[in-house]
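1. next come a sequence and a model predicted from it.
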Amino acid sequence: MAISPTSGKRLAFLDWTRGFAACIMLQGHVFQSFAHKDLRSDSPYVLSQFFGGLTPAVFLFVTGVTLAFLMDSQSRKQPSAWRRVVAAIYRARYLLLIGLAFRLQLWMTAFGQSAWQNVFKVDMLNCMAATMLVLAPLALLDTRERLRFGALAGLFIALASPFISQIGFTWIHPFLRDYFVPNANCFPIFPWGAFLAFGISCGSGLRLIKEEDTSRAMQWAALGGIVLIIAARFATDLPFSLYPQSDYWLNGPALIFIKTGVILLIACWAFLLNNYINPNGWSFVRQLGITSLLVY
């Protein structure tokens, strides 16, 4: 499929989406730093931290979108299937090195107050790299197939997370185990990698639609986000569960689907701002998103 020369401008709403994620992250840290302990069980604080927890999900999702763009571009320019997979692996390697460098910098600036093991903590960048590495074979597919299999990969990661927690894999070294076993102190592939997989699916979809159909597609995405939130919330209230043991906030699939629905709504709102409300003006929100491109 030929990409329109205006595609860059058309997809600039992704900068707004990143910018909103950065603002959400800042408010979450501010609430966490200054809210008194007695207020941390109240609804405003809980809501603040829920939205604050969306930030890693948004960045993972948008990174998946940009990875889908890379795979689509490679599929049109690079006839060698192996080289397309290698290009995705190189992107994963870059993010892994950046993540390790970031952790090393934090450890060095702690001046001996941080354990050396913290250098190998699985942070969001490590999760991005590891998930990209696992999903690199999607580069073998065409864009239409990648849309479908990206969504299936996200579903598998989300639905399998409680089982991965239950198995535990305690015989594996913690440095490796933290990359895929749900952990409240890390960003393992299960369940966080689901957002990147869903991003690959949505990014592939953006490459398939025509420019004049983008607005309608975003309307359907907003509707899909609302349905996803309502359906996941309904499933949470059911008196039975498919899992013998599950932690809603740690590995619950419903929370993953709710966050994905919210991400779709944020992206649609960003599209509305970028294309209709403020199509040519400067915005500090979008600037935050543009600046984050250095890494994401």
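-> Here it is on my side, so go on.
2. so what's the most centrally placed residue in the chain up against?
-> Centroid-nearest residue in the chain, with Cα atoms, centre = their mean: residue 60, separated by 2.1 Å. Counting by Cβ atoms under 8 Å, 6 or more residues apart in numbering, residue 60 touches 124, 127, 128, 131, 192, 193, 195, 196, 199. The C-beta positions use only the backbone N, C-alpha and C, and glycine is treated the same way.
3. redo those as TSV? Include neighbour count and distance to residue 168.
-> Shown next, in TSV, are those (neighbours: other Cβ atoms under 10 Å; distance: Cβ to Cβ, whole Å):
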residue	neighbour count	distance to residue 168
124	21	23
127	27	19
128	30	24
131	32	21
192	24	18
193	28	18
195	29	23
196	30	24
199	28	28
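4. what residues sit buried inside the helix or strand hosting the residue nearest to the centre of the chain?
-> Applying DSSP states H and E as the criterion places residue 60 in helix 54-77. Within helix 54-77, the residues that count as buried by 16 or more other Cβ atoms under 10 Å are 54-72, 74-75.
5. can you check stretch 210-217 too?
-> Under the neighbour-count criterion of 16+ other Cβ under 10 Å, stretch 210-217 has 214, 217 buried.
6. what's the next secondary structure element after the top helix by length along the chain?
-> As assigned by DSSP state H, the longest helix anywhere in the chain is helix 81-109. Going down the chain from helix 81-109, the next helix or strand is helix 124-135, by DSSP H and E.
7. give the rounded mean pLDDT of the helix or strand that that following helix is followed by.
-> Going down the chain from helix 124-135, the next helix or strand is helix 143-167, by DSSP H and E. With pLDDT averaged residue by residue, helix 143-167 scores 96.
8. contact partners of the helix or strand following helix 143-167?
-> Sequence-wise, the next helix or strand downstream of helix 143-167 (DSSP H and E) is helix 174-177. Defining contact as Cβ under 8 Å, 6+ apart, one finds that helix 174-177 is touched by 117, 120, 169, 170.
9. who wins on neighbours among the residues you listed?
-> Compared across these, residue 120 has the highest neighbour count, 17 neighbours, by other Cβ atoms under 10 Å.
10. what's the closest non-adjacent residue to that one?
-> Among residues not flanking residue 120 along the chain, residue 175 sits closest, at 4.9 Å (Cβ to Cβ, 6 or more residues apart in numbering).
11. and for that neighbour, the neighbour number?
-> Residue 175 has 12 nearby residues by other Cβ under 10 Å.
12. got it, and residue 261?
-> Neighbour number of residue 261 under other Cβ under 10 Å is 22.
13. that one: which element?
-> If you go by DSSP H and E, residue 261 is part of helix 253-272.
14. just the CA trace of that helix, in CSV.
-> Output of helix 253-272 as CSV, limited to C-alpha atoms (Å, rounded to 0.1, in the frame of the first residue of the first chain):
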residue,chain,number,x,y,z
PRO,A,253,-6.7,-9.4,32.1
ALA,A,254,-9.7,-7.1,32.7
LEU,A,255,-7.4,-4.3,33.8
ILE,A,256,-5.3,-4.7,30.6
PHE,A,257,-8.4,-4.4,28.5
ILE,A,258,-9.7,-1.4,30.4
LYS,A,259,-6.4,0.4,30.0
THR,A,260,-6.3,-0.5,26.3
GLY,A,261,-9.8,1.0,26.0
VAL,A,262,-8.7,4.2,27.7
ILE,A,263,-5.6,4.4,25.5
LEU,A,264,-7.8,4.2,22.4
LEU,A,265,-10.0,7.1,23.8
ILE,A,266,-6.8,9.1,24.5
ALA,A,267,-5.5,8.5,21.0
CYS,A,268,-8.9,9.5,19.5
TRP,A,269,-9.0,12.7,21.6
ALA,A,270,-5.4,13.4,20.4
PHE,A,271,-6.5,12.9,16.8
LEU,A,272,-9.4,15.3,17.3
